[in-house]
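A.B. asks: sequence first, then the predicted structure:
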Amino acid sequence: MQIKEVRAFVVRGGGADYHDQTEAHWIDDHICTPMSKYEEYKKSRKSFGINVLGTLVVEIEAVDGTVGFAVTTGGEIGAFIVEKHLARFLEGADVTDIEKIWDQMFNSTLYYGRKGVVLNAISGVDLALWDLLGKVRNEPVHKMIGGAVRDELKFYATGARPDLAKEMGFIGGKLPLQWGPADGEEGLKKNIETLANMRSKVGDDFWLMFDCWMSLDLNYSIKLAKAASEYGLKWIEEALPPDDYWGYAELRENIPKGMMVTTGEHEATRWGFRMLFDKNCCDLIQPDVGWCGGLTELLKISALADAHNKLVVPHGSSVYSYHFVFTRQNSPFAEFLMMAPNADKVVPMFNPLLLDEPIPVNGRMHISVLDKPGFGVRLNPACELSRPYTH
Ligand SMILES: C[C@H](O)[C@H](O)[C@@H](O)C(O)C(=O)O
Ligand SMILES: [Mg+2]
């Protein structure tokens, strides 16, 4: 079946750009970032532009009128890249030409791409293509990539209230780190107090993790990890900037026994992850399927991880991750981002953009909820899409 047309849209307010929240939200409440050293950008990530891109929606229509789609972060720049550059590799091709299309998209953008928003755009197209193929074949994506290796998926929750996540049935809670090197010893103490306080609420067996969102330096990370090990921190995530492979290698060498170093949320392609494996930077990788190159690339990254005995627990990305995680032995659980402003209830991760977006119930998800063609979700017609470019 041939591809007829590719279209790219932008939408604001939540969706795949889940940092783009309009009301007060824990996800924008004093979270430590690489910009926290600037007083004026400390309190809110929106102040430095974390939500500047917005959501990119990619639609691919086959000649019989079947439409596959996917959503990722990328907004107007992403829409430009899809319409003006990538669409040419799809229109007229067969819906099964997934490998060839990926190779053409990646190689044709090498001179300005490789990572970042170009890879987000490539990921969006790739996911939309898998969705289309699933719809054409009347098969869920997980069945096209090897089939499920388990019937039920367990989730940990990312958010400000691991104590509530425990009551909701999750297996663990990942706290955003609030204070960084610019806040000195005082800040370090406050981070540990937050962890200690949470540990006293959730008991010994519930997992607790720190998400450091690229904000620390090596010395601070080691100090934090050592102090946090007393309170059973399960892992320290994205402690360093993503390009500091050398720092990650040193951090992993100096981490307290039993604690994991995790990273990869802002890494892309098999080559980026190969660096993490070659230098033994971490124990568990967290590629985002909407940012790392899409499902086609994630399958390669994951095979590489397997050969290096590393776990793969994708970052967020909702239904696009779930279809993958169900099919891999080295992805034993999944992340759920708590998108309720106070992290006090489970709402769909890409709210309000998708209809039929599955959510964990009691911290679990059964494979049967994914048994629909493609990724099994629909665009919410109430969300206003704009198409800034055409080709
Ligand atoms: C909570 C974190 O600061 C980020 O907003 C989140 O995207 C993330 O890093 C995660 O791992 O979910
Ligand atoms: Mg993270």
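C.D. replies: Done, it's in. Ligands and ions are numbered 1, 2, ... in the order given.
A.B. asks: number of residues surrounding whichever residue of the stretch 101-250 of the chain sits closest to ligand 2?
C.D. replies: Closest to ligand 2 within the stretch 101-250 of the chain is residue 211: 4.3 Å, counting by C-beta to the ion. C-beta: built from backbone N, CA, C; applies to glycine. Look at residue 211: counted by other C-beta atoms under 10 Å, it has 24 neighbours.
A.B. asks: mind listing what it touches?
C.D. replies: 158, 174, 175, 176, 177, 237, 238 (C-beta atoms under 8 Å, 6 or more residues apart in numbering).
A.B. asks: from residue 144, how far out is the most far-flung residue of the chain relative to its centre?
C.D. replies: What lies farthest from the middle of the chain is residue 64; by C-alpha atoms, centre = their mean that is 32.4 Å. Distance of residue 64 to residue 144, computed by C-beta to C-beta, to the nearest Å: 19 Å.
A.B. asks: and if you look at residue 329?
C.D. replies: Applying C-beta to C-beta to residue 329 and residue 144 gives a distance of 18 Å.
A.B. asks: next, the buried residues of the top helix by length along the chain.
C.D. replies: When the chain is parsed with DSSP state H, its longest helix is helix 116-137. For helix 116-137, the neighbour count (16 or more other C-beta atoms under 10 Å) marks 117-136 as buried.
A.B. asks: just grab the bridge partners of the closest residue in space to the residue of the stretch 101-250 of the chain closest to ligand 2 that isn't next to it in sequence for me.
C.D. replies: Counting by C-beta to C-beta, 6 or more residues apart in numbering, residue 237 is the residue found nearest to residue 211 once chain neighbours are left out, at 4.6 Å. Taking DSSP bridges as the rule, residue 237 bridges to residue 211, residue 262.
A.B. asks: start the count at 45 instead of 1 going forward.
C.D. replies: Got it, the first residue is 45 from now on, which makes the last one we talked about residue 281.
A.B. asks: wait, doesn't residue 355 sit right on residue 328?
C.D. replies: Yes - with contact defined as C-beta atoms under 8 Å, residue 355 counts as touching residue 328 (4.1 Å).
A.B. asks: can you count the residues close to the residue of the stretch 295-435 of the chain found nearest ligand 2?
C.D. replies: Closest to ligand 2 within the stretch 295-435 of the chain is residue 309: 4.6 Å, counting by C-beta to the ion. By the criterion of other C-beta under 10 Å, residue 309 has 21 neighbours.
A.B. asks: over to residue 297?
C.D. replies: 10.
A.B. asks: for this structure, which segments count as strands?
C.D. replies: For the chain, the strands defined by DSSP state E occupy 47-55, 99-106, 111-117, 196-202, 216-220, 251-255, 277-281, 304-307, 328-329, 355-356, 378-381, 398-399, 408-410, 422-423.
A.B. asks: any low-confidence regions in the chain?
C.D. replies: Counting by pLDDT under 70, the chain shows no low-confidence range.
A.B. asks: spell out which parts of it neighbour ligand 2.
C.D. replies: 255, 309 (C-beta under 5 Å from the ion).
A.B. asks: any idea how far the residue of the stretch 45-194 of the chain found nearest ligand 2 is from residue 120?
C.D. replies: Residue nearest to ligand 2 within the stretch 45-194 of the chain: residue 75 (10.5 Å; C-beta to the ion). In this view, residue 75 and residue 120 are 25 Å apart by C-beta to C-beta.
A.B. asks: ok, these two, which is more surrounded?
C.D. replies: Neighbour comparison, residue 75 and residue 120: the larger count goes to residue 75, with 24 against 16 (by other C-beta under 10 Å).
A.B. asks: any idea how far the residue lying closest to that one once chain neighbours are set aside is from ligand 1?
C.D. replies: Once flanking residues are discounted, residue 75 sits nearest to residue 220: 4.4 Å by C-beta to C-beta, 6+ apart. According to C-beta to the nearest ligand atom, to the nearest Å, residue 220 stands 4 Å off from ligand 1.
A.B. asks: residue 220 contacts residue 72, correct?
C.D. replies: No - Residue 220 is beyond contact range of residue 72, at 10.1 Å (criterion: C-beta under 8 Å).
A.B. asks: neighbour count: those two, which is higher?
C.D. replies: Just comparing residue 220 and residue 72: by other C-beta under 10 Å the higher neighbour count belongs to residue 220, 22 against 19.
A.B. asks: quick one: contacts for the closest residue to residue 261 other than its chain neighbours?
C.D. replies: Of all residues not flanking residue 261 in the chain, residue 225 sits nearest, at 5.6 Å (C-beta to C-beta, 6+ apart). Residue 225 sits next to 81, 231, 259, 260, 261, 264 when contact means C-beta under 8 Å, 6+ apart.
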